[in-house]
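K.L.:
Pasting the sequence and the predicted coordinates here, then a few questions.
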Amino acid sequence: MAIFQSQPSSIILPAGRSNVIASKQMKMKLTLERFSFGVGDRFGHQARAQLRAFEMLARDGIDAAPVWNKSNREHTLIGSEPQSVLDAAQAAVKAMGWNKGWHVDADHIRLETVDRFIACSDFFTIDVADSIGKRAAAAEVGAFIDRHPELVGTVSIAGLGAPLLMTRSDVEGVAAKYLPAVEDAASVYRHIAARKGEGNMIAEVSMDETDAPQTPPELLVILAALADRKARVQTIAPKFTGRFNKAVDYVGDLGRFEQEFNDDLAVIAYAVARYGLPANLKLSIHSGSDKFSLYPIIGRALARTGAGAHVKTAGTTWLEELIGLAEAGGDGLELVKEIYAQALARVDELCAPYASVIDIDRARLPSAGTVNGWSGARLANALRHVPNHPEFNPHARQLMHVSFKLAAKAGARYLSLLQENEAVVAKQVTENLYRRHLRPIFAG
Ligand SMILES: [Zn+2]
């Protein structure tokens, strides 16, 4: 985490270093670690359980920095404040004596939403999806091409199957499509840098919430243009092919994903050297959780190339809370059954905002009566994402995932059940993160 200059000296410093050393380091640039992993914690109770998973990974000899992320959208839905994410993370870091890197991500922010995140975040995911496809002015495109004659013709990039071949009009087309997004990213970057100091921020540009994946030539043009504007981004989140549905596995062509992922790694490594972008610039994969079929592909590519990666998940920690409450039995199980029955009754309303990121076959949702007859273990098995478990039900899992508003509505009752059943809930959260996410991605 950045050492916030505006905060009191009681702030937790990276452990193992004295205050004197740390204060000297305030002048150094904040650098994102090679491996980092974004976690969400909708209700703000699982930071310690999450951190335990990173601690277990570190004990295996693999360091990955936890990045607690919560988007402006999610804060708005839940009614939480960005400061709460820093508070929860800081408390967990202190309680566990975590002495390695950690960060707080202002996720998917824009110029009009970033301000309330600036004091309590050190990682900023600048979302420019809305600016993609606004055509740049001809003069701007012309100026870009004049600055970058090297992009016209053949560009040989180590790690790409074939050299890139772009005509002048190809470069013009790509520049016209992406320069407004790059300018947008650069202006948000400058806005944050002016308030926080460039050395105290990690910036990411995200282009994932758009229609089409960026091709290797597009990525190269984007990176060249970011370098022109001195936007020193440390991660970039392109869109990948396929469906990244919430809370379940990837649906798409694994071979094509692997090709895109490897091509992107090659283009980034090239652009870092060619355009002087930060040496640690890496891919960010906004995969959401549970993309089990992609993890071996990512893990292989990282091991082969030595590249880093940021993998961003978010909301499914709350599903582990439900699984823990179900396993706990008693009042916890009762509440999970109630939430399921309410979700079933409001399925249209709850699913509507997520239509493009869920695939629920309603015929395969068990009735409320059926679920009411289940034991805690049976319900936990239906929701827990173990794909080959005979009782796993991806339809019920996805429905519950989009029903977090119902838990929010249960309010104090939900939160006090989490507290009463902390041990069993935390076990689910830690195991899910460590066993099903961190190990498969980073331990190869
Ligand atoms: Zn995203």
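P.N.:
It's in.
K.L.:
Give me the residue ranges of the chain where confidence is low.
P.N.:
Counting by pLDDT under 70, the chain shows low-confidence ranges at 1-28.
K.L.:
And for the closest residue to residue 150 other than its chain neighbours, the neighbour number?
P.N.:
Spatial nearest neighbour of residue 150, excluding adjacent residues (Cβ to Cβ, 6 or more residues apart in numbering): residue 274 at 7.9 Å. In this view, the C-beta of every residue, glycine as well, is placed from N, C-alpha and C. Using other Cβ atoms under 10 Å, residue 274 has 15 neighbouring residues.
K.L.:
next one: residue 292
P.N.:
Residues near residue 292, counting by other Cβ under 10 Å, number 16.
K.L.:
which residues sit in contact with the residue lying closest to it once chain neighbours are set aside?
P.N.:
Nearest residue to residue 292, sequence neighbours excluded (Cβ to Cβ, 6+ apart): residue 249, at 5.2 Å. For residue 249, the contacting residues are 290-293, 385, 387, by Cβ atoms under 8 Å, 6 or more residues apart in numbering.
K.L.:
Could you rerun that using 7 Å?
P.N.:
290-293, 387 (Cβ atoms under 7 Å, 6 or more residues apart in numbering).
K.L.:
what's the most distant pair in these?
P.N.:
291 and 387 (11.7 Å; Cβ to Cβ).
K.L.:
Tell me which of the two has more neighbours.
P.N.:
residue 291 (25 against 11).
K.L.:
And the residue nearest to the more buried one when sequence neighbours are not counted, how far from residue 242?
P.N.:
Closest residue to residue 291 apart from its sequence neighbours, by Cβ to Cβ, 6+ apart: residue 250 at 4.5 Å. Plainly put, residue 250 is 6 Å away from residue 242 if you go by Cβ to Cβ, to the nearest Å.
K.L.:
And for residue 318?
P.N.:
Counting by Cβ to Cβ, the separation of residue 318 from residue 242 is 24 Å.
K.L.:
So which of the two has more stuff around it?
P.N.:
residue 318 (25 against 19).
K.L.:
where does that one land in three-state SS?
P.N.:
Of the three states, residue 318 takes helix under DSSP: H, G, I helix; E, B strand; the rest coil.
K.L.:
which residues does the residue of the stretch 101-250 of the chain found nearest the ion contact?
P.N.:
Residue nearest to the ion within the stretch 101-250 of the chain (Cβ to the ion): residue 208, separated by 4.3 Å. Residue 208 makes contacts with 237-239, 286, as judged by Cβ under 7 Å, 6+ apart.
K.L.:
Output the helix or strand harbouring residue 94 in PDB with nothing but the alpha carbons.
P.N.:
Using DSSP states H and E, residue 94 maps to helix 82-96. This file holds the C-alpha atoms of helix 82-96, laid out as PDB (Å, rounded to 0.1, in the frame of the first residue of the first chain):
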ATOM      1  CA  PRO A  82     -14.400   3.900  -0.500                       C
ATOM      2  CA  GLN A  83     -12.700   4.600   2.800                       C
ATOM      3  CA  SER A  84     -14.200   1.400   4.200                       C
ATOM      4  CA  VAL A  85     -12.200  -0.700   1.800                       C
ATOM      5  CA  LEU A  86      -8.900   0.800   3.100                       C
ATOM      6  CA  ASP A  87     -10.000   0.500   6.700                       C
ATOM      7  CA  ALA A  88     -10.800  -3.200   6.300                       C
ATOM      8  CA  ALA A  89      -7.600  -3.900   4.500                       C
ATOM      9  CA  GLN A  90      -5.500  -2.000   6.900                       C
ATOM     10  CA  ALA A  91      -7.100  -3.800   9.900                       C
ATOM     11  CA  ALA A  92      -6.400  -7.100   8.300                       C
ATOM     12  CA  VAL A  93      -2.800  -6.300   7.500                       C
ATOM     13  CA  LYS A  94      -2.200  -5.200  11.000                       C
ATOM     14  CA  ALA A  95      -4.000  -8.100  12.600                       C
ATOM     15  CA  MET A  96      -2.100 -10.600  10.500                       C
END
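K.L.:
didn't residue 285 look like it was pressed against residue 307?
P.N.:
No: the pair residue 285 and residue 307 does not pass the contact test of Cβ atoms under 7 Å, sitting 11.9 Å apart.
K.L.:
mind checking how far residue 241 is from residue 264?
P.N.:
Counting by Cβ to Cβ, the gap from residue 241 to residue 264 is 11 Å.
K.L.:
same deal with residue 366?
P.N.:
For residue 366, the distance to residue 264 equals 41 Å [Cβ to Cβ].
K.L.:
Now the residue of the stretch 301-444 of the chain found nearest the ion. Its backbone dihedrals?
P.N.:
Going by Cβ to the ion, the ion is nearest to residue 312 of the stretch 301-444 of the chain, at 6.6 Å. Main-chain torsions, residue 312, degrees, to the nearest 10: phi -110, psi 120.
K.L.:
Identify the residues contacting it.
P.N.:
For residue 312, the contact set (Cβ under 7 Å, 6+ apart) comprises 38, 69, 284-287.
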